[in-house]
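Asks: the sequence and its predicted three-dimensional model are supplied below.
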Amino acid sequence: MKACEPLRLSRSLLEALSREASASKHEVVGFLLGVGCRALVAFPMENVASSSVEFLANPLDVVAAHNLAEALGLELIALYHSHPFGPAAPSPKDVEGMKWWPMTWLIVSAQGARAWRLAEGKAAEVPIELVA
Ligand code: ZN
């Protein structure tokens, strides 16, 4: 697993993630599958924490995401989740989670989306590049 920088995705994929996030009062979570650092498709996962301030991805969904990526010849290039009531900045728990999943993290909030990666134990912002 590597952190993608910049994270590249289409405006329509970003809008789809925003719609998914705004439709739920709980945090939504999923992987972005793609090639290189270009996200092509979202794989939503169940948040078994059913919480508006944290997520816990269903482990079966994590396995399914890996299997689908392998079957399609894609890579898991980013983890996304939402902050329904907060800014698109990582919580202390998110920073801990980045150590387990050292990939780019996309956080979707009502104010917009921002991407992050772990750098020397801290969250560093990653540019999002909108592509056609
Ligand atoms: Zn978070």
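Replies: Sure thing, it's come through.
Asks: how about the residues of the protein by the ion?
Replies: Contact residues, the chain versus the ion (Cβ under 5 Å from the ion): 91, 94. Any C-beta I mention is one placed from the backbone N, CA and C, and that applies to glycine too.
Asks: for the chain, which segments count as helices?
Replies: Ranges of helices in the chain, per DSSP state H, are 11-22, 59-72, 92-100.
Asks: give me the buried positions along the first one.
Replies: By 16 or more other Cβ atoms under 10 Å, the buried positions in helix 11-22 come out as 13-14, 17-18, 20-21.
Asks: before we move on, what about the second one?
Replies: The neighbour-count check on helix 59-72 (16+ other Cβ under 10 Å) flags 61-62, 65, 69 as buried.
Asks: now the two most distant members of these.
Replies: Within these, D61 and A69 form the most distant pair, 12.4 Å apart (Cβ to Cβ).
Asks: still on that earlier bit, which of the buried residues of helix 11-22 lies closest to the ion?
Replies: The ion lies nearest to A21 out of the buried residues of helix 11-22, by Cβ to the ion, at 11.4 Å.
Asks: pretty sure the closest one is touching S82, no?
Replies: Yes: the pair A21 / S82 is scored as a contact, 3.6 Å apart, by Cβ atoms under 8 Å.
Asks: residues that sit against both of those two, list them.
Replies: When Cβ atoms under 8 Å, 6 or more residues apart in numbering defines a contact, the residues bordering A21 and S82 alike are 28, 108-109.
Asks: skipping its backbone neighbours, what lies nearest the closest residue to the ion within the chain in space?
Replies: Residue of the chain nearest the ion, by Cβ to the ion: D94 (4.1 Å). Nearest residue to D94 in three dimensions, chain neighbours excluded: W105, at 6.6 Å (Cβ to Cβ, 6 or more residues apart in numbering).
Asks: is it true that that neighbour touches R117?
Replies: Yes: using Cβ under 8 Å, W105 is in contact with R117, at 6.9 Å.
Asks: more neighbours: the two, which one.
Replies: Taking neighbours as other Cβ atoms under 10 Å, W105 and R117 compare with W105 leading, 24 against 21.
Asks: and the residue most central in space within the chain, what does it touch?
Replies: Closest residue to the average C-alpha location of the chain: Y80 at 1.3 Å, with Cα atoms, centre = their mean. Applying Cβ under 8 Å, 6+ apart to Y80 gives the contacts 17, 28-32, 42, 105-108.
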